[in-house]
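In: here is a sequence with its predicted model. Questions after.
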Amino acid sequence: MRLRIATRMIVAAGLISGHAFPRQGWWMTEPVRWVQTNLRQTDARLDPAHLIDQLADMRANVLLMGMGGIVAYYPTKVPFHYPSPELPPGMDLFGEVLQKAHARGIRVVGRFDFSKTQKAAYDAHPEWFFRTANGSPVIYNGLYATCINGGYYREQAMKILSEGLKKYDVDGLFFNMFGNQSHDYSGRDVGLCHCDSCERKFRAMFHRDVPDTPDDQYRQFMFISSRQLGAEIGELIHRIRPHAGYFNYIQESTDGIMSESNTAVGRSLPMWPYSASDNVNRARNSEPGKMSVNLCMQFVDYWWRFATVPQPEIASRLWENVANGGALAFEVNGTLDQQDRQALDTAKPIFRWLAKHEQYYAKEESAARVLLLSGPAKTGRKYSQNSYRGLFRLLSEEHIPFAVSDNMNWLGKRQFDLVIASDWAPKELAGYAESGGHVLIVGPNEPEFPVAPVVRTWKDMKGYFRVRDHSLLPSLRETDLMMTDGAYTELKPDPKALLTLIPPSLFAPPELVHIDMKDTDKPGLVFVSHGAGMVGWIPWDLGSLYYRQSLPAHAALFRDVVNHLDPHRQLETTAHPLVEITWMKQDGKQLLHLNNLSGHSDTGYFAPVPMRDIKIRMVGTFTEAQSQRSPNHLAIRVEGGYSEFTLPQLSDYELIVVQ
Ligand SMILES: [Zn+2]
């Protein structure tokens, strides 16, 4: 509902970019091996020839480097734009790097950050800047935070960008920090911007003042403001440099969707070892016309930008990026002359290997036949990340190739065997099911269309479900009870339900444990015919429970329910659950990527455990399978519509090209 409001408002305000069709620029047609150097102002003295030699040596083909914004790396004539004080007089660092990079076939994407600037600009134009509730500016290490609704972003930044775009034949621009952060880099809460522009625009939209803390309307306001600004910047770039790409953390109006796989010391556990797969899979399948550039951040947290995360963590993120059809993308702070060389030493051989096999790493598209909905992103609607991640892990561990989308734009364009929703089950799924689609909803939130009569939703049900029919749930043959915790939506009682609720009962002292346990006919799972299709609903939070507890009973239920709705698996394998397998396609070829995640444990990343003799059955009739990382011709046996072969060994990663 909230998504629809936000979308309608954007459309009504005429803010959607004019690009009806995604642009097929170099980022979509060439293999991308991207290195981002977050330069410091002191790096303005770097030696361009040395930097380009280092990039060429590791076979990087895109350099993202500091261009302007907080600090410019070229002489600039635009007022309130400040070259690095370390830039030698008369030197044009950006221009020299660009010229040398192009001469070696390396593309250059310029980085801008307009989120802060110097005091002189604030003194001349205080109205351009972020203003806290008590009227003061936000100052961080001497720099003043600007406001995305103020004149610095809306007018001055456009002048700065125009100068840069006219002067340099850049291959793209990237923007950092886009949208009035409510916390500074040190984690200090600065609240919301109360500048005149924000107050005026917010009042026009919602007829009230900017609140003190973000609510749904404020989140919509920031979403709309940043997309409006994003569209203006996109139009400017595309007008002055039609062949340059526009890269930003937002999806709208851009050519490339940026994201990060990073760590933070205060982030709650568990770690998310699928971070890169998650970001890239979602970006590529939510917006198939755009490239996903998921930056593998080498550092532990802001305070320690020069301390790197474990090498196998860097490696697994890089493999995950390309296994899902995204750019290979790696980030360092400062130049490539690092004080901790572990990250770069990990990335280099991966960059070189992917360069050697680059014909397989462009124009990849997901071939997955299962879709996982991730919920409408960044529109103000709250969404359970744990539920989603639990289902993501289950699909990966079950080796079910799946695509992730945060929207319904795939409807009518791409056919899936099964669509899985967690707590966002939009009404469009009803029509999809009626025309023959199969849908699985996992979560207590009521779908936006009727599935089964709802009695009520319990906020916290610390109970069990009884397995009533083991023949239809064969993976649960040794289990009569499975736990549930958290919300449960009670559906109309059904004496024939496969799974039924047992409400909370006594659990202590041991003498009294569950002696009062009572069965009910309240379903924990329903299957409903919808026109020509079918909808399954597990009306409790199996996804979150699996994310936190990893109980085999929950995995078993998920497996049996998926098998019921999608009896013909696209892929069957003996691979260990921690081998992530993605199925991509490229020009008639099938590309199976195997990423060995067995080195991850709790907060540690170690070398993956080598695996042997992995049997794989793929639906379809193929004649040739060739593994690339350990080069082998794999003998294929075709039977019953499946092609079967065995991968003799898996080290860290493998690509099997099948045709
Ligand atoms: Zn403001």
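Out: Received it, and whenever you're ready, just let me know what you need. Just so we're clear, the structure is a prediction, and the values are computed from it rather than from any experiment.

In: list the contacts for residue 44?
Out: 71, 73, 83-84, 86-88, 91, 93 (CB atoms under 8 Å, 6 or more residues apart in numbering). No exception for glycine: its C-beta is placed from N, CA and C like everyone else's.

In: other SSEs contacting the helix or strand hosting residue 231?
Out: For residue 231, the enclosing helix or strand under DSSP states H and E is helix 216-240. Other helices and strands packing on helix 216-240, by 3 or more CB pairs under 8 Å, 6 or more residues apart in numbering; DSSP states H and E, are helix 2-12, helix 157-167, strand 172-175, helix 196-206, strand 245-248.

In: apply 7 Å and report the result again.
Out: Where contact means 3 or more CB pairs under 7 Å, 6 or more residues apart in numbering; DSSP states H and E, helix 216-240 is packed against helix 2-12, helix 157-167, helix 196-206, strand 245-248.

In: run through who's touching the third one.
Out: This means helix 196-206. Contact with helix 196-206 is made by 127, 147, 149-150, 209-210, 217, 221, 225, as judged by CB atoms under 7 Å, 6 or more residues apart in numbering.

In: try it again at 6 Å.
Out: Outside of helix 196-206, the residues within contact range by CB atoms under 6 Å, 6 or more residues apart in numbering are 149-150, 210, 217, 221.

In: which SSE is residue 112 in?
Out: Of the helices and strands defined by DSSP H and E, residue 112 is found in strand 107-113.

In: how far off helix 216-240 does that strand point, in degrees?
Out: Taking axes from the mean of the first three to the mean of the last three CA atoms, to 10 degrees, one finds that strand 107-113 is oriented at 140 degrees with respect to helix 216-240.

In: what lines up beside strand 107-113 in the sheet?
Out: Strand 107-113 has its sheet partners listed here by DSSP bridges as strand 62-69 (parallel), strand 172-175 (parallel).

In: what is the rounded mean pLDDT of it?
Out: When pLDDT is averaged along strand 107-113, the result is 97.

In: again with stretch 401-417
Out: Throughout stretch 401-417, pLDDT has a mean value of 95.

In: then stretch 88-100?
Out: Taken as a whole, stretch 88-100 has an average pLDDT of 96.

In: pull the residues that contact that stretch.
Out: In this structure, residues lying in contact with stretch 88-100 by CB under 6 Å, 6+ apart are 44, 48, 52, 67, 73-74, 108, 168.

In: hmm, try it at 10 Å
Out: For stretch 88-100, the surrounding residues in contact (CB atoms under 10 Å, 6 or more residues apart in numbering) are 37, 39, 43-53, 55-56, 63, 65-68, 72-75, 83-84, 86-87, 106-108, 110, 164, 167-171.

In: just the buried ones from these?
Out: Of all the contacts of stretch 88-100 considered here, the ones buried according to neighbour count by 16 or more other CB atoms under 10 Å are 37, 39, 43-44, 46, 48, 51-52, 55, 63, 65-68, 72-74, 83-84, 86-87, 106-108, 110, 164, 167-168, 170-171.

In: and the closest residue in space to residue 653 that isn't next to it in sequence, what is it in contact with?
Out: For residue 653, the nearest residue in space outside its immediate sequence neighbours is residue 319; the separation is 4.4 Å by CB to CB, 6 or more residues apart in numbering. Remark: with contacts taken as CB under 10 Å, 6+ apart, residue 319 is in contact with 276-277, 328, 350, 354, 580, 593-597, 629, 652-655.

In: returning to what we had before: and the helices and strands packed on helix 216-240, which one is worst for confidence?
Out: Going by mean pLDDT, the lowest-scoring of these is helix 2-12, which has a mean of 39.

In: can you tell me which helix or strand of this protein has the lowest average pLDDT?
Out: helix 2-12 (a mean of 39; mean pLDDT, DSSP states H and E).

In: hmm, back to that, of the helices and strands packed on helix 216-240, flag the one that's most buried.
Out: Mean neighbours per residue, mean count of other CB atoms under 10 Å, is largest over the helices and strands packed on helix 216-240 for strand 245-248, with a mean of 26.

In: what lines up beside that one in the sheet?
Out: strand 172-175 (parallel), strand 256-261 (parallel).

In: output the strand holding residue 112 as CSV, nothing but the C-alphas.
Out: Written as CSV, here are the backbone C-alpha positions of strand 107-113 (Å, rounded to 0.1, in the frame of the first residue of the first chain):
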residue,chain,number,x,y,z
ARG,A,107,37.7,2.9,-18.3
VAL,A,108,37.4,5.6,-15.7
VAL,A,109,34.4,6.4,-13.5
GLY,A,110,34.6,9.6,-11.5
ARG,A,111,33.5,9.7,-7.9
PHE,A,112,31.7,12.7,-6.5
ASP,A,113,30.5,13.3,-3.0
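
In: tilt between it and helix 157-167?
Out: Relative orientation of strand 107-113 versus helix 157-167 (the same axes, to 10 degrees): 160 degrees.

In: what does the stretch 151-300 of the chain have sitting close to the ion?
Out: With the criterion set to CB under 5 Å from the ion, the stretch 151-300 of the chain comes near the ion through 193, 195, 198.

In: which one of these is nearest residue 465?
Out: Proximity of those to residue 465 was ranked by CB to CB; the top entry is residue 193 with 47.9 Å.

In: distance of the closest one from residue 200?
Out: Taking CB to CB, to the nearest Å as the measure, residue 193 falls 12 Å from residue 200.

In: show me the common contact partners of these two, please.
Out: Common neighbours of residue 193 and residue 200, using CB under 10 Å, 6+ apart, are 149, 210.

In: closest to the ion among the contacts of residue 44?
Out: Distances from the contacts of residue 44 to the ion were compared by CB to the ion; the smallest belongs to residue 71, at 23.0 Å.

In: and the closest one, what does it touch?
Out: If a contact means CB under 10 Å, 6+ apart, then residue 71 has 39-44, 81-87, 113, 117-118, 143 as its contacts.

In: rerun that using 7 Å as the cut-off
Out: When contacts are counted by CB under 7 Å, 6+ apart, residue 71 touches 41, 82, 84.

In: CSV for the residues you listed, including pLDDT and secondary structure?
Out: Formatted as CSV, the entries for the contacts of residue 71 read as follows, by pLDDT from 0 to 100; DSSP: H, G, I helix; E, B strand; the rest coil:
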residue, pLDDT, secondary structure
41, 94, helix
82, 96, coil
84, 96, coil
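
In: looking at those residues, which one is closest to residue 400?
Out: Out of the contacts of residue 71, the member with the shortest distance to residue 400 (by CB to CB) is residue 41, at 48.5 Å.

In: list the residues that contact the closest one.
Out: With contact taken as CB under 7 Å, 6+ apart, residue 41 is in contact with 71, 84-86.

In: narrow these to those in helices?
Out: Here DSSP state H is the test, and those give no hits in helices at all.

In: nearest spatial neighbour of whichever residue of the stretch 501-650 of the chain sits closest to the ion, chain-adjacent residues omitted?
Out: Among the residues of the stretch 501-650 of the chain, residue 544 lies nearest to the ion; the distance is 36.0 Å by CB to the ion. Excluding its sequence neighbours, the residue lying closest to residue 544 (CB to CB, 6+ apart) is residue 386, at 4.1 Å.
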